[in-house]
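>>> return a 3D structure for these sequence lines:
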Amino acid sequence: MTEQISQKHPRGLYVLFFAEMWERFSYYGMRAILLLFLLDKIRGGMGLQASEGAAIYGLYTASVYLLTLPGGWLADNVFGQKKAIWYGGIVIMLGHIILAIPGGTAIFFLGLAVVAMGTGLLKPNISSIVGELYPEGGARRDAAFSIFYMGINLGSVLGITIVGYLGQKINWHMGFGAAAVGMLLGLIVFRYGSNKYLRGYGEVPPAKVVTPEEAVKAGSERKLGYGLVALLVVFLAVLQLTNTINMTTAQGLAQGAGVIIVTVSLFYFLFILIAGGLTTVEKKRVGVLIVFFLAAAIFWSGFEQAGTSLQIFAERYTERTFGGWEMPSSWFQNFNGTFILIFAPIMASLWIFLSSKGINPSTPVKFALALILVGAGFFIMEMGAKVAVTGQLASPLFLTFTYMIHTIGELCLSPVGLSSYTKLAPKRYVSQLMGIWFVAASLGNLIAGLFAGGFDEENLEQMPGLFNQVTLFSIGFGLLLLIFWKPVKKWMGGIS
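Here you go, the predicted structure:
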């Protein structure tokens with residue numbers, strides 16, 4: 001069986017599969033216990049309030065996605081993808097080793113920053129090499145990415161199970177250390193496998209000959225970038241001086257980061273529309289990408305509550321004792337990876353079946369369904385929160401069904417959105433707009449952290465209302481997109 005599979009796909013795919021699996025083991029494993037460690041006041045954690053801990057969590061997860069932008073640029077212009085993956089993996093491992101050292105606050109935050117920088121360098125480039133293995137594109141390439149995606153989720157399940165157990169049941173720093181071991185295994189696989197099966201892939205691109213016209217254009221774009229940075233600095237200074245945002249606190253920093261992300265994205269889209277030299281059709285397609293960006297940010301702001309508000313609910317308000325054994329609360333985050341492994345092939349078959357019947361939903365409809373599903377998940381959590389308000393522990397079924405519905409929503413939005421951005425983006429802006437797609441995830445993670453920070457530990461009665469806000473906002477935007485799906489589809493200019 002292995003021989004048959006190897007004939008269909010190059011062995012390099014499996015090198016990347018296992019390297020990514022171990023990197024995701026380290027990322028999702030550490031992420032599963034991060035907020036718990038920040039909030040813990042008994043077992044050697046940092047003992048922060050929910051508002052501060054959740055804001056730090058949001059800043060960390062948002063920065064991971066933001067740093068994929070410079071990570072991709074460094075690979076394209078300096079290292080090449082293979083070296084970027086190798087150096088990024090080493091930096092990630094060093095970051096987890098720092099986190100495994102029981103030290104002060106400064107040591108811990110240094111470790112977080114190092115992990116984020118390494119992930120930003122590794123994450124966008126390993127996927128690039130998968131695509132490079134299949135220059136012909138087509139169904140074979142789609143199948144390769146499906147296999148690769150399975151590796152991501154397998155790593156997630158293993159990481160949350162092992163790191164979550166070690167961190168919650170034995171010692172927080174042992175959990176962080178296990179994440180470092182996972183990354184080490186990924187580095188070993190990549191080092192020896194890539195030397196043999198990835199020769200000629202992911203190398204530094206040849207130097208491009210730049211025409212005088214391109215040099216002038218590049219200079220103009222640099223000036224625009226410097227001007228935008230200066231504008232942001234002034235804007236943030238005004239917010240700080242007027243006490244609109246207090247950036248001396250974790251919550252203030254997270255709010256400031258949110259302002260930066262929204263402002264940069266807005267100005268970037270405006271720049272492309274006004275000064276990007278686009279045709280009318282291309283401008284309409286960029287307009288569609290703006291709609292998808294907003295929908296994705298709203299979706300991820302709900303979906304990524306898995307590590308924030310849903311983690312707090314699992315830890316404090318959910319029944320986790322079965323036959324005298326208490327399940328680590330971080331294990332609930334495993335449901336997403338497990339449901340992905342179950343539902344991904346089912347959903348892929350469903351789209352193919354519907355397409356054969358001529359009734360496959362359009363991309364805007366799939367985005368709308370994703371938003372409605374994430375809202376429906378929070379409606380279930382609102383019911384669970386009402387049980388918790390009475391002083392009882394809520395059934396684990398509330399979280400189980402929420403994760404299942406959210407996972408189906410993810411499968412409606414994530415692969416579809418990734419594909420849409422590559423197809424709708426004007427050719428000369430494809431790489432940059434792919435970066436903007438990840439920025440939507442960054443913004444969603446940040447909002448998820450800020451939302452969980454709104455939990456008042458002294459006022460449990462507010463929790464159903466907070467979940468209700470997410471329900472109404474997500475379903476409301478989803479229904480709006482569902483109402484206007486035909487005009488949005490028309491603006492796509494024949495691209496489905």
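>>> can you pull the contacts of residue 453?
Counting by C-beta atoms under 8 Å, 6 or more residues apart in numbering, residue 453 touches 50-55, 58, 251, 254. For every residue, glycine as well, the C-beta is placed using N, CA and C.
>>> pLDDT-wise, what's the bottom of those residues?
Lowest pLDDT among the contacts of residue 453: residue 251, with 74.
>>> so that residue sits in a strand?
No: per DSSP: H, G, I helix; E, B strand; the rest coil, residue 251 lies outside any strand segment and is helix.
>>> can you show me the strands along the chain?
With DSSP state E as the criterion, the chain has strands at 321-322, 325-326.
>>> export the ones you listed to CSV and append columns for mean neighbour count.
Formatted as CSV, the strands of the chain follow (neighbours: other C-beta atoms under 10 Å):
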stretch, mean neighbour count
strand 321-322, 9
strand 325-326, 9
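>>> any chance of the ones you listed in TSV, plus distance to residue 83 and mean pLDDT?
Shown next, in TSV, are the strands of the chain (distance: least, C-beta to C-beta, whole Å; pLDDT from 0 to 100):
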stretch	distance to residue 83	mean pLDDT
strand 321-322	47	91
strand 325-326	45	90
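>>> for those, which one sits closest to residue 305?
Between residue 305 and the strands of the chain, the tightest spacing by C-beta to C-beta is seen for strand 325-326, at 22.8 Å.
>>> quick one: that closest one to chain centroid distance?
The chain centroid and the centroid of strand 325-326 are separated by 31 Å under C-alpha atoms, centre = their mean, to the nearest Å.
>>> and it, which strands flank it?
As defined by DSSP bridges, the strand partners of strand 325-326 come to strand 321-322 (antiparallel).
>>> work out the gap between the partner strand and the centre of the chain.
How far strand 321-322 lies from its chain's middle: 31 Å, per C-alpha atoms, centre = their mean.
>>> what ranges in this protein fall below the confidence cut-off?
Along the chain, segments meeting pLDDT under 70 span 1-7, 136-139, 142, 205-229, 231-232, 235-236, 239-248, 431, 455-458, 496.
>>> of the contacts of residue 453, closest to residue 39?
Nearest member of the contacts of residue 453 to residue 39, counting by C-beta to C-beta, is residue 53, at 4.8 Å.
>>> so who does the closest residue in space to residue 369 that isn't next to it in sequence touch?
Nearest residue to residue 369 in three dimensions, chain neighbours excluded: residue 412, at 4.9 Å (C-beta to C-beta, 6 or more residues apart in numbering). For residue 412, the contacting residues are 347, 366-367, 369-370, 373, by C-beta under 8 Å, 6+ apart.
>>> try 6 Å
Contact analysis of residue 412 by C-beta atoms under 6 Å, 6 or more residues apart in numbering lists 366, 369-370.
>>> could you dump these to JSON lines with neighbour count and distance to residue 9?
Converted to JSON lines, the contacts of residue 412 look like this (neighbours: other C-beta atoms under 10 Å; distance: C-beta to C-beta, whole Å):
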{"residue": "366", "neighbour count": "21", "distance to residue 9": "27"}
{"residue": "369", "neighbour count": "19", "distance to residue 9": "31"}
{"residue": "370", "neighbour count": "29", "distance to residue 9": "29"}
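>>> dump these to TSV, plus distance to residue 494.
As requested, the contacts of residue 412 are exported to TSV (distance: C-beta to C-beta, whole Å):
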residue	distance to residue 494
366	18
369	22
370	23
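>>> so who does the most centrally placed residue in the chain touch?
The centroid of the chain falls nearest to residue 441 when counting by C-alpha atoms, centre = their mean (5.0 Å). Residues counted as contacts of residue 441 (C-beta under 6 Å, 6+ apart) are 65, 300.
>>> same check on residue 62?
442, 445-446.
>>> swap the cut-off to 8 Å and go again
254, 257, 261, 442-443, 445-446, 449 are the contacts of residue 62 under C-beta under 8 Å, 6+ apart.
>>> now do residue 81
Neighbouring residues of residue 81 by C-beta under 8 Å, 6+ apart: 75, 125-126, 128-129, 132, 201-203.
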